[in-house]
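Asks: Structure here, sequence nowhere to be found:
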């Protein structure tokens, strides 16, 4: 939708400029089955992490003898301060995600590991296209798989209440089925990662601009007075919570949207990724807070909710020379919500021995992410398997829906 | 070294690159106000300055980055940054600029970095 062009016509103020590193969009209609006789009223949230999440750092294979060596100084530890939280005898969760750990124990969260889209190259742009379009390969298309799944649902009355216009609808939810978008007004954007990349470019090419921008960023931090302790809403972690809180409030209404998509930026941890604490830990903490906001905000609706968290690809198994990880292949997908049959890590674990790594460097994919999405759409929303194989994920009949994720 | 584009030149060049006529002039006017070059309204009769000291100032560069990021968050995912890089800079693009745009973590971030690249910021 292009209505974003008609928002806020007044001259932007200093802070009003900084809208949105996180976005939320929702389907504009109630599915007919929402008021069905059996009282089931499913809600689905698809949350995209842009930049490629390090799955081995999020849910670490502590039982794999090669893990600690590959992830080196940023590997999670099973004891000591900030120890990883055991999920089963083999896998452990990053310590920055206590809320997800609690949901997992309550059997309201599950992990799918060694999962990947069909994309096997290393471009974020193309990887995000494949993740969101639902097609087997890159190439610009005008609609996303979630939108095409919605087209297959019995369309009920239109939902408009409480929804305003936000920055942009993710490709995932773009297409023929009507959608609405919303973003918190004046959400300060933490473009720290963008600023860091630009500074590096200036240092290499343009010392005068490097000096000016460095000072400008310092002035800005000093003016905010929060360079040591980010307040909620001024960091990217706070922004994730804010967006989730607003989205949950909209979705919990009787006439609110049932199906929505969010995107969080900043997961491209090439340098200084950090281990139990650090940059990735802060992001994971923000994601954890966002999941908790959904649980709280959806209230009684949480029982019928599924949240799927997915990213375009994983990261290299071995850390690089700048204490980070580079573009990889397989990673994790996270499921949370009262409708999830949780308390499980679902994985056909490929192992991290050199011979088992994809192209000698990445966690090898053993599960197609489309199987996970198809399983959720089939069991949660009742989308027919044939529609999933032909329209939602074109030419994917060979990828069977994963069964038993819900219940 | 070439001069840094004034806010007016920067915003007009951005609009032209994205092939956007100013359908909502308020966006351009607001950007000019924030960056300190309100349209046709210099502080004195000698007009707006034409120097790096005026336009490559610390606060100004930070604000340009904010504006570029804001604009890219709205428009970035409808373009291919690799194509736009060729269109905007072509052979003038340094290997560093090319690399930072191609390796950006999203289309939005790539567009913001392209608009803020030294080649696009300077005349």
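Replies: Okay, I see it. Quick caveat: nothing in here was measured; it's all calculated off a predicted structure. Numbering: from 1, shown residues only, chains lettered A, B, ... in the order given.

Asks: which SSE is the residue of chain B found nearest chain A in?
Replies: Nearest residue of chain B to chain A (C-beta to the nearest C-beta) works out as residue B:62 at 3.2 Å. Just so you know, the C-beta spots here come from the backbone N, C-alpha and C atoms, and that holds for glycine as well. Assigned by DSSP states H and E, residue B:62 falls within helix B:58-75.

Asks: Next, residue A:264: phi, psi?
Replies: Main-chain torsions, residue A:264, degrees, to the nearest 10: phi -120, psi 140.

Asks: quick one: contacts for it?
Replies: Residue A:264 sits next to A:21-22, A:47-50, A:236, A:240, A:243, A:283, A:286-287, A:290 when contact means C-beta atoms under 8 Å, 6 or more residues apart in numbering or on different chains.

Asks: Residue A:296 - that's part of a helix, no?
Replies: Yes: assessed with DSSP: H, G, I helix; E, B strand; the rest coil, residue A:296 lies in a helix.

Asks: burial of it, as a residue count?
Replies: When neighbours are defined as other C-beta atoms under 10 Å in any protein chain shown, residue A:296 has 15 of them.

Asks: Distance-wise, check the spatially closest residue to residue A:366 that is not a sequence neighbour relative to chain B.
Replies: Leaving aside its chain neighbours, residue A:366 sits nearest to residue A:348 (4.1 Å; criterion: C-beta to C-beta, 6 or more residues apart in numbering or on different chains). Going from residue A:348 to chain B by C-beta to the nearest C-beta, to the nearest Å gives 29 Å.

Asks: show me the contacts for residue A:348.
Replies: A:114, A:366, A:367.

Asks: and residue A:111, which of the three is it?
Replies: Secondary structure assignment for residue A:111 (three-state DSSP): strand.

Asks: and the residue of chain A nearest chain B?
Replies: Relative to chain B, the nearest point of chain A is residue A:216 (3.2 Å; C-beta to the nearest C-beta).

Asks: which stretches of the chain form helices?
Replies: Using chain A here. A:55-58, A:67-71, A:98-105, A:124-133, A:145-151, A:192-205, A:207-224, A:236-252, A:279-298, A:369-381, A:385-387 (DSSP state H).

Asks: wrong chain, I was asking about chain B
Replies: Along chain B, the stretches classed as helices by DSSP H are B:7-17, B:25-34, B:52-55, B:58-75, B:81-88, B:95-102, B:107-116, B:118-121.

Asks: Now for chain A, the helix or strand with the poorest mean pLDDT.
Replies: Counting by mean pLDDT, DSSP states H and E, chain A has its least confident helix or strand at strand A:22-27, which shows a mean of 71.

Asks: what residues are up against residue B:120?
Replies: By C-beta under 8 Å, 6+ apart, the contact set of residue B:120 is B:13, B:88, B:89, B:114.

Asks: and the gap between the second one and residue A:245?
Replies: I take that to be residue B:88. As judged by C-beta to C-beta, to the nearest Å, residue B:88 and residue A:245 stand 38 Å apart.

Asks: Test for you: state the pLDDT assigned to residue A:166.
Replies: Among the per-residue scores, residue A:166 shows a pLDDT of 42.

Asks: Now do the same for residue A:153: its pLDDT.
Replies: Model confidence at residue A:153, given as pLDDT, is 86.

Asks: looking at it, it is touching residue A:384, isn't it?
Replies: No: counting by C-beta atoms under 8 Å, residue A:153 sits too far from residue A:384 to count as a contact (10.6 Å).

Asks: What's the local residue count around residue 98?
Replies: Answering for chain A, as no chain was given. Neighbour count of residue A:98, defined by other C-beta under 10 Å: 15.

Asks: my bad, chain B
Replies: 16.

Asks: Can you give me the neighbour number for the closest residue to residue A:150 other than its chain neighbours?
Replies: Nearest non-adjacent residue to residue A:150, counting by C-beta to C-beta, 6+ apart: residue A:177, 4.1 Å away. Residues lying near residue A:177 (other C-beta under 10 Å) number 21.

Asks: Pretty sure residue A:247 sits against residue A:259.
Replies: No: between residue A:247 and residue A:259 there is no contact under C-beta under 8 Å: 11.4 Å.

Asks: and the two? which has more neighbours close in?
Replies: More crowded of residue A:247 and residue A:259, by other C-beta under 10 Å: residue A:247, with 30 against 27.

Asks: Can you read off the pLDDT for that one?
Replies: Residue A:247 is assigned 87 on the pLDDT scale.

Asks: Could you list the low-confidence segments of the chain?
Replies: Chain wasn't specified; assuming chain A. Confidence mapping of chain A against pLDDT under 70 gives the ranges A:1-23, A:33-39, A:159-168, A:183-191, A:223-235.

Asks: actually chain B
Replies: In the predicted model, chain B carries pLDDT under 70 at residues B:1.
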